[in-house]
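# below: sequence and its predicted model.
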Amino acid sequence: MKLSKQFPLNALRVFEAAARLGSFTKAGDELGMTQTAVSYQIKLLEENVGEPLFLRRPRQIELTDTGERLAPKVTEAFAMLHDAMATARDSVEGTLAISSTHTFASKWLAPRLGSFHLKHPAIAVRFQATSDIIDFSREQIDVGIRWGDGNWPGLTLHRLMGLEFTPMLSPKLAESAGGIKEPRDLLKFDLFDAGDIWWKQWFEAAGVTETDLDRRPRNQLGSQAVEADAAMSGHGVAILNPAFYAAEIALGRLYQPFELTRSDGKAYWLAYPENRRNVPKIKAFRNWILEEMKAAEN
């Protein structure tokens, strides 16, 4: 018996998961269903559509041409439903969840948040400081501040700022070695992190082509902010962004021995799902941070 053309919402939800995960079993695990139940829902949807949506192969499934056309539309539709429900529950007076690298959060964002609260006093802010690239579909995060080349499909991206980098250390540590007279003198000290490509790029630009960077232990401290703290404590040399640490340089807590800076072409980006671009609290934060960036350039 042919099914009526009613809107098969539950079957579409199962189809979206199976298409995204490439597996009926994984879709069942995500949705709390058996593989048999998943297969049944897919069959109902295929009968409703009138064409197969998957090719069943031994131990794997593959979308048909019809399935390939349907899958992104269904994913977008469920995202819009999710967005509509989230907006209904949590309007502009809600909480804005921001994922950011520790350094950007502490050196740029936190000192300026006061002006955001003045403009939008009803929006609370929740931070998640991490260097990981978060999955917006799996974590309750509204916007992310990411460092990289901006190649993240499916997201709306706004370039915020690039970074230059140069070595810095505590003045006392520099004095302990009789001063820093040439770039090679930095190799007398521990470097955070010696395996960071920034070090290689900076030394090459400084004309130091023979270094022992590859043989040094990698002291990985996780972020510029932590490496800067270690440098200020006299434990070694960090390669940092001068703009982030202008105050520490002015106060004599950090010493920048050379004017030479380099850039790897990467940048900080504001990122959020394309289908959430019109959520009021995201629009408010986007407009504010882009205005702040523009003002800082002038």
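Received, thanks.

# what about the helices in this protein?
9-21, 24-31, 35-49, 65-89, 102-104, 110-119, 171-176, 197-205, 224-232, 246-250, 280-297 (DSSP state H).

# relative to residue 145, which of those is closest?
helix 102-104 (5.3 Å; C-beta to C-beta). The C-beta positions use only the backbone N, C-alpha and C, and glycine is treated the same way.

# where in the stretch 151-298 of the chain is pLDDT low?
Along the stretch 151-298 of the chain, the parts satisfying pLDDT under 70 run over 298.

# next, count neighbours for residue 54.
By the criterion of other C-beta atoms under 10 Å, residue 54 has 22 neighbours.

# show me the contact partners of stretch 64-76.
With C-beta atoms under 8 Å, 6 or more residues apart in numbering as the test, stretch 64-76 has contacts from 12, 15-16, 19-20, 49, 51-55, 63, 275.

# among these, who's most crowded?
Neighbour tally across the contacts of stretch 64-76 (other C-beta under 10 Å): the maximum, 27 neighbours, falls on residue 15.

# for the residue positioned nearest the centre of the chain, what are its contacts?
Closest to where the C-alpha atoms of the chain average out (C-alpha atoms, centre = their mean) is residue 146, at 3.4 Å. Going by C-beta under 8 Å, 6+ apart, residue 146 touches 101, 133, 152, 268, 269, 271.

# please repeat the previous calculation with a cut-off of 10 Å.
Residues in contact with residue 146 (C-beta atoms under 10 Å, 6 or more residues apart in numbering) are 99-101, 104, 131-134, 152, 155, 157, 160, 266-271.

# returning to what we had before: can you list the helices of the chain in CSV and add distance to residue 218?
Compiled in CSV, these are given as follows (distance: least, C-beta to C-beta, whole Å):
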stretch, distance to residue 218
helix 9-21, 35
helix 24-31, 36
helix 35-49, 44
helix 65-89, 40
helix 102-104, 18
helix 110-119, 28
helix 171-176, 20
helix 197-205, 11
helix 224-232, 12
helix 246-250, 24
helix 280-297, 33
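
# any idea which of these gets closest to residue 188?
Closest to residue 188 of these, according to C-beta to C-beta: helix 171-176, at 9.5 Å.
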